[in-house]
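J.: Build me a model from this:
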Amino acid sequence: MLIAETGETVGNISGGCLEADLIERAQAVLASDKPQLVTYDMHDVAADITWGTALGCESKTLIYIEPFHVQQDHHPLELLATARATGEDAAIAHVFQAEGKFADCVGFRLLRTATSLEADCPPAKPNDWLRQLRLELQTCLSERRSRQMVYTTEHGSLSAFIEFLPAPLRLTILGAGDDAIPLAQLASQLGWHVTVADWRPALATPERFPAARQLLAVPTVHDIPLRVHDYVVVMTHHYPSDKAIVRRLAEVRPRYVGLLGPRRRTERLLGELADEGCHIDPEIVEGWHFPVGLDLGAETPLEVAVSIVAEILAVTNRRNGQFLHRRQGPIHTPLPESPVLSR
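T.: Okay, here's the model as predicted:
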């Protein structure tokens, strides 16, 4: 969450419960030019209601508030921009608490992507805590989830938040019919990189898809750039075209494939391809989603778009899309913590 000295904000921390208090605290942080670690502990419900923010959620939240300026070297927003520019998953480590000989490390940041490594306030020479921080960044990227590190020695300790920064999800919609319009709009609102492709130039237009990052009017699916990390939704409503599309998808093997239409339609299509000598590995087809979307009883194009987006989110976050009230355990999985003791 970004808080300007005017009180204006971008983004949020909670559903609106903590923001007013944070804006006030941020003004004090800006005035002192010193970071502050704030704890909101709502485990004591009575105390929370009487003296606190009256959330009633019985949770504990730690929020690190730090000042920074436009002219600041190694600006944190520059690190985020660097991560976004790579188009890859990234992880950034923030040291938010430190004591003893590590006291000067508060505010240290380290960014790791598959192709770059950048640091803020790098130490003069590699040391055990920095090596451990790099290992935690690699683990964060491998597991695709944030984590926390606590590093302790007899001379002091430091705590770091290792934040996973997923690359912008790249959604390619094959088919530019009317039902693709709300899907492109909804996906764009989520910050996804949306490409819409169709062989009919009159449909794949900026007027119909103003939020799409890329519009392609191409004669065949082989003219569409597809990558293994892409998410692809097929909604051409054109059976012959879908045959060629399925062949290409089997070759590229994108991270997610969803095909609109009844299950029997796709099964018949796969059967005809097999009869024509194109046998697609059952393990590949097992990972495809047809019919695409969660079972929400969707009927209208917008409802279908919600169903498809919800399924993609579930797949991305490794969830099954069930009712939350049937979920055992907390809604948000607790952060793994890696305590490290060094002598």
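J.: Show me where the chain dips below the pLDDT cut-off.
T.: Low-confidence regions of the chain, defined here as pLDDT under 70, cover residues 43-58, 116-126, 341-343.
J.: Setting aside sequence neighbours, what's the nearest residue to the spatially most central residue of it?
T.: With distances taken as CA atoms, centre = their mean, P166 lies nearest the centre of the chain, 4.2 Å away. Residue nearest to P166 in three dimensions, not counting chain neighbours: D89, with 5.6 Å by CB to CB, 6 or more residues apart in numbering. (Each C-beta comes from the backbone N, C-alpha and C, glycine too.)
J.: OK, contacts around the one you found?
T.: The contact partners of D89, by CB atoms under 8 Å, 6 or more residues apart in numbering, come to 113-114, 141, 144, 164-167.
J.: Just the helices from the chain, written as ranges.
T.: For the chain, helices defined by DSSP state H occupy the ranges 19-32, 45-51, 76-86, 128-143, 180-189, 239-252, 263-275, 282-286, 301-316.
J.: can you put these in a markdown table and add distance to Q214 and mean neighbour count?
T.: Formatted as a markdown table, the entries for these read as follows, by distance: least, CB to CB, whole Å; neighbours: other CB atoms under 10 Å:
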| stretch | distance to Q214 | mean neighbour count |
| --- | --- | --- |
| helix 19-32 | 35 | 14 |
| helix 45-51 | 48 | 12 |
| helix 76-86 | 17 | 15 |
| helix 128-143 | 26 | 17 |
| helix 180-189 | 11 | 20 |
| helix 239-252 | 17 | 17 |
| helix 263-275 | 26 | 14 |
| helix 282-286 | 26 | 10 |
| helix 301-316 | 18 | 18 |
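J.: and those helices as JSON lines, adding distance to A103?
T.: Converted to JSON lines, those look like this (distance: least, CB to CB, whole Å):
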{"stretch": "helix 19-32", "distance to A103": "17"}
{"stretch": "helix 45-51", "distance to A103": "31"}
{"stretch": "helix 76-86", "distance to A103": "20"}
{"stretch": "helix 128-143", "distance to A103": "13"}
{"stretch": "helix 180-189", "distance to A103": "43"}
{"stretch": "helix 239-252", "distance to A103": "51"}
{"stretch": "helix 263-275", "distance to A103": "61"}
{"stretch": "helix 282-286", "distance to A103": "53"}
{"stretch": "helix 301-316", "distance to A103": "39"}
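J.: Looking at these, spot the one closest to Y231.
T.: Taking CB to CB as the criterion, Y231 comes closest to helix 301-316 out of the helices of the chain, the separation being 5.9 Å.
J.: tell me what the closest one is packed against?
T.: Packed against helix 301-316, as judged by 3 or more CB pairs under 8 Å, 6 or more residues apart in numbering; DSSP states H and E, are the following elements: helix 180-189, strand 256-259.
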